[in-house]
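Student: Predicted structure and sequence below. I'll ask about it afterward.
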Amino acid sequence: MKYVFVTGGVVSSLGKGLAAAALGTLLEARDQKVILQKFDPYLNVDPGTMSPFQHGEVYVLDDGAETDLDLGHYERFTNCILTRYNNLTSGQVYETVLKKERRGDYLGKTVQVIPHVTDEIQNRIKHVAATQGGDVIITEIGGTVGDIEGQPFMEALRQFVQDVGRENAIFVHVTLVPYIKAAGELKSKPTQQSVAKLREIGIQPDIVICRTEHPLTDDIRDKISLYCNIPKPAVIEFTDAPNTIYEAPLMFRQQGFDNYVCDRLSIETEQPDMTQWRAYVARIIDPSFRIRIAVVGKYIELQDAYKSIYEALTHAGAACDTRVAIERVDSEAIEKYGAARYLEGMHGILIPGGFGDRGIEGKVLAAQYAREQGIPFFGICLGMQIAVVEYARNVADLAEANSTEFVATTPHPVVCLQEEQEGITDVGGTMRLGTCVSDIRPDTKAYELYKSATISERHRHRYEVNNGYREQLETAGLTIGAVSTDVDLVEMVEIADHPFYLACQFHPEFLSKLSAPHPLFTGFVSASLEHRNTLADAVTSSLEEA
Ligand code: GLN
């Protein structure tokens with residue numbers, strides 16, 4: 001087993017996760033079985049309890065683990081299927097150490113960061129290596145070198161590499177090379193200093209990836225090579241990908257990043273064939289059509305809050321030869337000024353997942369607008385609950401219908417808690433989480449898209465459609481397209497006499513890849529493209545009439 005550790009320096013948000021994932025793509029293209037994992041130095045047991053304002057999207061795995069959004073990159077860029085063991089936080093480390101201490105496992109010793117905490121961190125690498133069996137494990141360490149919380153992780157890695165040998169493990173350090181406009185120069189000093197900080201704790205990086213807005217000059221490569229004590233080919237440039245993040249593996253490949261990694265780790269493989277990947281990327285860069293999709297949410301200003309949804313739309317767009325321009329619409333603005341102002345002329349409307357009652361009524365208005373105007377609609381998780389509430393109120397005549405998440409005393413709780421969720425007070429890890437299997441009705445849009453009667457999708461929610469209202473909703477014309485196989489719960493709804501009105505309780509966005517776009521997203525994007533063409537035809541014929 002070979003090990004690659006990816007650390008970060010100078011500032012956060014440099015794209016360490018993307019760099020790790022892109023290396024994964026390249027190594028897989030060299031027939032290596034790659035495992036990716038992330039260490040997060042914060043004390044939360046998992047990011048499931050953090051607001052998207054703090055941490056962006058919570059990415060959910062098959063086994064129900066609520067993890068860092070970088071794991072989304074890992075799964076989208078490679079074929080690995082991750083588990084809860086692939087995301088370790090300080091919170092988990094301390095939880096384990098403290099449990100052991102209470103059990104008396106430490107036999108009377110003083111429990112310390114070194115060796116007890118650092119051992120626990122190393123145990124996780126060993127566990128993943130032993131149970132997931134691959135050729136290379138890429139481990140990304142969250143945060144920035146020098147962070148107090150990160151120190152035990154760095155120390156653990158130093159010890160680990162000592163053990164497995166420098167020929168089997170490398171450190172890749174991602175840093176910032178800022179451009180000072182007034183001087184017209186790139187600056188290597190922050191990189192030198194962050195590498196010096198790594199060396200202080202006994203880690204010499206093997207490769208430095210320089211995040212930069214301008215191409216690295218020869219001069220700056222020389223400097224970084226000299227001061228950071230690495231050969232020049234180990235200085236890798238990482239500019240913003242010009243069109244899409246999926247170009248990152250190609251950009252790294254061009255610089256021989258994967259060659260260098262393989263040489264350093266004595267991995268003997270053929271050169272990778274990136275033709276297929278290049279073809280996928282080409283489809284994103286230069287499509288024939290363009291559509292506008294409104295995503296109506298409350299974390300709309302945040303880049304990362306709906307990350308997997310935006311990625312899944314990109315994948316589906318590539319598959320449909322279409323650029324999906326995403327219009328982020330704040331549901332609270334719809335509450336103030338009405339849906340038409342923001343949604344008129346949109347080719348599709350998507351309502352993503354969410355929690356809490358802020359902006360809810362705006363989302364209900366958006367769902368109503370899509371239904372009444374015949375605009376393709378896709379509701380995900382909360383988006384499906386909203387669609388059900390809207391249909392109940394405006395079609396099934398259940399005035400003031402609501403989810404009990406928003407109005408506990410609603411006369412028509414069409415969305416409510418299941419018995420097993422009642423009375424749960426802990427918020428961490430207590431939702432319906434992870435993969436569940438559902439059965440699809442054969443005469444539905446869902447079936448047409450999945451081409452399958454059973455599906456398996458990832459969940460993350462507490463509330464469910466109230467089975468007591470199913471009959472009334474169905475009589476009013478809402479199709480229950482899918483129900484869970486094990487428990488009798490609504491998984492998908494749709495409206496038959498609408499160009500495309502489909503919503504699901506699960507999160508299909510977590511299963512979409514560029515190489516395998518999700519059928520529901522592809523269905524939604526192609527329906528939106530059709531809607532665009534209908535609008536265009538209408539304009540042409542009214543011009544002709546005039
Ligand atoms: N708040 C809703 C629930 O808990 C929806 C959750 C979601 O959209 N992920 O059921």
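Tutor: Now that the structure is in, tell me what you want to look at.

Student: Can you get me the start-to-end distance on stretch 484-504?
Tutor: End-to-end distance for stretch 484-504: 11 Å, by C-alpha to C-alpha, to the nearest Å.

Student: list the helices and strands whichever strand or helix holds residue 155 packs on?
Tutor: Using DSSP states H and E, residue 155 sits within helix 151-164. Counting contacts by 3 or more C-beta pairs under 8 Å, 6 or more residues apart in numbering; DSSP states H and E, helix 151-164 packs against strand 2-8, helix 90-103, helix 118-132, strand 136-141, strand 169-176. Placement of C-beta: from N, CA and C, glycine included.

Student: Now with 10 Å, please.
Tutor: When contacts are defined as 3 or more C-beta pairs under 10 Å, 6 or more residues apart in numbering; DSSP states H and E, helix 151-164 packs onto strand 2-8, strand 34-40, helix 90-103, helix 118-132, strand 136-141, strand 169-176, helix 189-200.

Student: Nearest to residue 417 among the ones you listed would be which one?
Tutor: Nearest to residue 417 among the helices and strands packed on helix 151-164 is helix 90-103 (26.7 Å), distances taken as C-beta to C-beta.

Student: which bits of this protein sit near the ligand?
Tutor: By the rule C-beta under 6 Å from any ligand atom, the part of the chain lying against the ligand is 353-355, 381-382, 405, 460-463.

Student: farthest-separated two in these?
Tutor: Taking C-beta to C-beta, the two most distant members of those are 405 and 460; they sit 14.0 Å apart.

Student: one step back: need the helices and strands packed on helix 151-164 in a markdown table (columns: mean neighbour count).
Tutor: What follows is those, written out as a markdown table (neighbours: other C-beta atoms under 10 Å):
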| stretch | mean neighbour count |
| --- | --- |
| strand 2-8 | 25 |
| strand 34-40 | 26 |
| helix 90-103 | 16 |
| helix 118-132 | 17 |
| strand 136-141 | 25 |
| strand 169-176 | 25 |
| helix 189-200 | 18 |
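
Student: would you turn the ones you listed into JSON lines with mean pLDDT and distance to residue 302?
Tutor: Output for these, formatted as JSON lines (pLDDT from 0 to 100; distance: least, C-beta to C-beta, whole Å):
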{"stretch": "strand 2-8", "mean pLDDT": "96", "distance to residue 302": "21"}
{"stretch": "strand 34-40", "mean pLDDT": "95", "distance to residue 302": "19"}
{"stretch": "helix 90-103", "mean pLDDT": "94", "distance to residue 302": "23"}
{"stretch": "helix 118-132", "mean pLDDT": "94", "distance to residue 302": "30"}
{"stretch": "strand 136-141", "mean pLDDT": "96", "distance to residue 302": "21"}
{"stretch": "strand 169-176", "mean pLDDT": "97", "distance to residue 302": "22"}
{"stretch": "helix 189-200", "mean pLDDT": "94", "distance to residue 302": "26"}
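
Student: among the ones you listed, which is nearest residue 219?
Tutor: With C-beta to C-beta as the measure, helix 189-200 is the member of the helices and strands packed on helix 151-164 nearest residue 219 (13.8 Å).

Student: what pairs with the following helix or strand past the closest one, and is each one parallel or antiparallel?
Tutor: Scanning forward in sequence from helix 189-200 by DSSP H and E, the next helix or strand is strand 207-211. Strand pairing for strand 207-211, using DSSP bridges, gives strand 169-176 (parallel), strand 235-238 (parallel).

Student: out of everything not next to it in sequence, what's closest to the residue in the stretch 251-400 of the chain positioned nearest to the ligand?
Tutor: Across the stretch 251-400 of the chain, no residue is closer to the ligand than residue 353, which sits at 2.6 Å (C-beta to the nearest ligand atom). In space, and not counting its chain neighbours, residue 353 is closest to residue 381: 3.6 Å by C-beta to C-beta, 6 or more residues apart in numbering.

Student: hang on, isn't that neighbour packed against residue 352?
Tutor: Yes. Residue 381 is within contact range of residue 352, at 7.4 Å (criterion: C-beta atoms under 10 Å).
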